[in-house]
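Chemist: Take a look and give me a structure for this.
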Amino acid sequence: MAKTHKPSPPKTAEIKANRVRRRALRLAQRLAVQKEKADRSERHAGIRREPRVGLPRTRRASRR
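Modeler: So this is what the prediction gives:
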């Protein structure tokens, strides 16, 4: 025999407010992580673009 679905409990104002708060926090967290990743990649790109003083730009293979 097929099981019947139980109806979900009614949504109170408190539940809705908490859900909105959670969603806003998740969005803020996601945006912060995105920004941090962009900043990190920019910093790394900036570091790699500038050649080191006194060292060749390309790596040579080991002579062993």
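
Chemist: where exactly do the strands run in this structure?
Modeler: Assigned strands in the chain: none (criterion: DSSP state E).

Chemist: Any regions of it where pLDDT drops low?
Modeler: 1, 46-61, 63-64 (pLDDT under 70).

Chemist: So which residues of it form helices?
Modeler: Applying DSSP state H to the chain gives helices spanning 13-49.

Chemist: Just give me the residue right at the centre of it.
Modeler: Central residue of the chain (CA atoms, centre = their mean): residue 33, 4.1 Å from the mean position.

Chemist: Residue 9 versus that one, what's the distance?
Modeler: Plainly put, residue 33 is 33 Å away from residue 9 if you go by CB to CB, to the nearest Å. C-betas here are computed from N, CA, C, even on glycine.

Chemist: ok, now residue 44?
Modeler: Distance of residue 44 to residue 9, given as CB to CB: 49 Å.

Chemist: more neighbours, the two?
Modeler: Using other CB atoms under 10 Å as the criterion, residue 44 and residue 9 rank with residue 44 on top: 10 against 7.

Chemist: how many neighbours does residue 34 have?
Modeler: Other residues lying near residue 34 total 10 when counted by other CB under 10 Å.

Chemist: residues in contact with it?
Modeler: By CB atoms under 8 Å, 6 or more residues apart in numbering, the contact list for residue 34 is empty.

Chemist: And for residue 24?
Modeler: No contacts exist for residue 24 under CB under 8 Å, 6+ apart.

Chemist: before we move on, what about residue 14?
Modeler: Listed by CB under 8 Å, 6+ apart, residue 14 has no contact partners.
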